[in-house]
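Structure for the following, please:
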Amino acid sequence: MTLTQLLAFVAAAQHGTFTRAAQELKMSQPAVSDLIRRLEDELGTTLFHRTTRSLTLTHAGAVSYTHLTLPTKRIV
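Below is the predicted model:
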C-alpha cells in the first residue's frame, strides 16, 4: 500500500469519479483506476461500487475512508 494509492482512494471517494480524482491529482484516469485496483487487490476487498458514470463506497470503502480522513478532521 502506497501513499499515492491512498491519496487516489480518498480523492475518488470525495469526487465520486476516477476522472475528477485524476484531475485533482494531476494524473490520468487510467492511472487512478489502476492505483485503486491494486489497492483493492492488496486489501482483498472492493472499495467502490462502480457504474459507467460514478462511484459509491462499499461498506469496506466507507470504513476505510473514515479511518483515513478522521485524523485530518481532528487537526482542522
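
Mind listing what's buried along the longest helix along the chain?
In the chain, assigned by DSSP state H, the helix with the most residues is helix 59-75. Judged by neighbour count using 16 or more other CB atoms under 10 Å, the buried positions of helix 59-75 are 61, 64-65. All C-beta spots, glycine's among them, are computed from the backbone N, C-alpha and C.

just for the protein, where's the confidence low?
Applying pLDDT under 70 to the chain flags residues 71-76.

Strands of that one, start to end?
48-50, 55-57 (DSSP state E).

Highest mean neighbour count out of those?
Mean neighbours per residue, mean count of other CB atoms under 10 Å, is largest over these for strand 55-57, with a mean of 17.

residue nearest the centroid of the protein?
F9 (1.6 Å; CA atoms, centre = their mean).

give the contact list for the residue lying closest to Y65 once chain neighbours are set aside.
Nearest residue to Y65, sequence neighbours excluded (CB to CB, 6 or more residues apart in numbering): A13, at 4.8 Å. Taking CB atoms under 8 Å, 6 or more residues apart in numbering, we find A13 in contact with 48, 55, 57, 61, 65.

In those residues, find the pair that's most separated.
Spanning the widest gap among the contacts of A13 are L55 and Y65, at 11.4 Å by CB to CB.

Send over stretch 33-48 as PDB, restricted to the C-alpha atoms.
Coordinates of each C-alpha in stretch 33-48 appear next as PDB, following Å, rounded to 0.1, in the frame of the first residue of the first chain:
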ATOM      1  CA  SER A  33      -8.200   3.400 -11.800                       C
ATOM      2  CA  ASP A  34      -5.100   1.200 -11.700                       C
ATOM      3  CA  LEU A  35      -4.000   2.500  -8.300                       C
ATOM      4  CA  ILE A  36      -7.400   1.800  -6.800                       C
ATOM      5  CA  ARG A  37      -7.500  -1.700  -8.400                       C
ATOM      6  CA  ARG A  38      -4.100  -2.600  -7.000                       C
ATOM      7  CA  LEU A  39      -5.100  -1.200  -3.600                       C
ATOM      8  CA  GLU A  40      -8.300  -3.400  -3.700                       C
ATOM      9  CA  ASP A  41      -6.200  -6.400  -4.700                       C
ATOM     10  CA  GLU A  42      -3.800  -5.800  -1.700                       C
ATOM     11  CA  LEU A  43      -6.600  -5.400   0.700                       C
ATOM     12  CA  GLY A  44      -8.600  -8.300  -0.700                       C
ATOM     13  CA  THR A  45     -11.800  -6.300  -0.900                       C
ATOM     14  CA  THR A  46     -13.800  -4.000  -3.200                       C
ATOM     15  CA  LEU A  47     -13.800  -0.400  -2.100                       C
ATOM     16  CA  PHE A  48     -16.200   1.100  -4.700                       C
END
